[in-house]
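K.L.:
No letters, just coordinates:
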């Protein structure tokens, strides 16, 4: 038997080699009969890989606050031959491919993890992404201050708030379109007649409620 560039030496089956370094190795064996005749050499090459692959890169994920109960993740790894293991929340790591989709998610926080696995079975550190599922609209805003129902002023100031402290607002006057606004908001040089003010609360997931 011979290993790599070493010389042939007498051996029996099985033969074991210890303390081998990373990289490609080649084992060679030939048969020798009682007359000393040697067969042709049979060889076998293999690679020792003790190095973790790099962590995967998540290339596509839901927004940090999502209005959907499904989530799709795409990912890749610098080691082109790597396979992947995925985990959602407190579940186990299971074999997966990119993209992977999770459905019927509950409202609240979730965490996705993915590891790369090389041909030798070495696993990378996990790449993690956390997001929140929010499918509930915010409560309707409350107008806390407004002009009198009949007023002699051509300006009008409105103040408002929302039960969702993280909500932002969109405001509209008469037939205009809703645009982003903050409380208080003032409209000036208004014409005589009836006017209508509208305000919507918008949460981080994009849900609106007027």
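P.N.:
Arrived safely, thanks for sending. Being a predicted model, the structure only gives us computed values, none of them experimental.
K.L.:
can we go C-alpha only for contacts and neighbour counts from here?
P.N.:
Fine.
K.L.:
quick one, what contacts residue 55?
P.N.:
Residue 55 is in contact with 77, 115, 116, 124, 125, 126, 127, counting by Cα atoms under 8 Å, 6 or more residues apart in numbering.
K.L.:
Please disregard the earlier target; I meant residue 97.
P.N.:
Residue 97 touches 83, 84, counting by Cα under 8 Å, 6+ apart.
K.L.:
One more: residue 2?
P.N.:
8, 9, 27, 28, 29.
K.L.:
Which ChimeraX command selects the buried ones in these?
P.N.:
Buried residues within the contacts of residue 2, by 16 or more other Cα atoms under 10 Å, are selected in ChimeraX with:
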select :27,28,29
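K.L.:
could I get the contacts of residue 2 as JSON lines with secondary structure and distance to residue 198?
P.N.:
Output for the contacts of residue 2, formatted as JSON lines (DSSP: H, G, I helix; E, B strand; the rest coil; distance: Cα to Cα, whole Å):
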{"residue": "8", "secondary structure": "coil", "distance to residue 198": "90"}
{"residue": "9", "secondary structure": "coil", "distance to residue 198": "92"}
{"residue": "27", "secondary structure": "strand", "distance to residue 198": "81"}
{"residue": "28", "secondary structure": "strand", "distance to residue 198": "84"}
{"residue": "29", "secondary structure": "strand", "distance to residue 198": "87"}
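K.L.:
Closest one to residue 165 out of the contacts of residue 2, please.
P.N.:
Closest approach to residue 165 among the contacts of residue 2 (Cα to Cα): residue 27, at 69.3 Å.
K.L.:
from the contacts of residue 2, which is closest to residue 49?
P.N.:
When the contacts of residue 2 are compared against residue 49 (criterion: Cα to Cα), the nearest one is residue 27, at 16.7 Å.
K.L.:
what's the pLDDT at that closest one?
P.N.:
Looking at residue 27, its pLDDT is 98.
K.L.:
pLDDT-wise, which helix or strand of this protein ranks last?
P.N.:
Here the helix or strand of the chain ranked lowest by mean pLDDT, DSSP states H and E is strand 208-209, holding a mean of 87.
K.L.:
List just the nearest of the contacts of residue 2 to residue 109.
P.N.:
Distances from residue 109 to the contacts of residue 2, taken by Cα to Cα, are shortest for residue 27, at 53.0 Å.
K.L.:
Can you give me every residue that contacts the closest one?
P.N.:
Counted by Cα under 8 Å, 6+ apart, residue 27 has contacts 1, 2, 3, 4, 43, 44, 45.
K.L.:
Which positions in the longest strand along the chain come out as buried?
P.N.:
For the chain, the strand that runs over the most residues, judged by DSSP state E, is strand 108-117. Buried residues in strand 108-117, counting neighbours by 16+ other Cα under 10 Å, are found at 112, 113, 114, 115, 116, 117.
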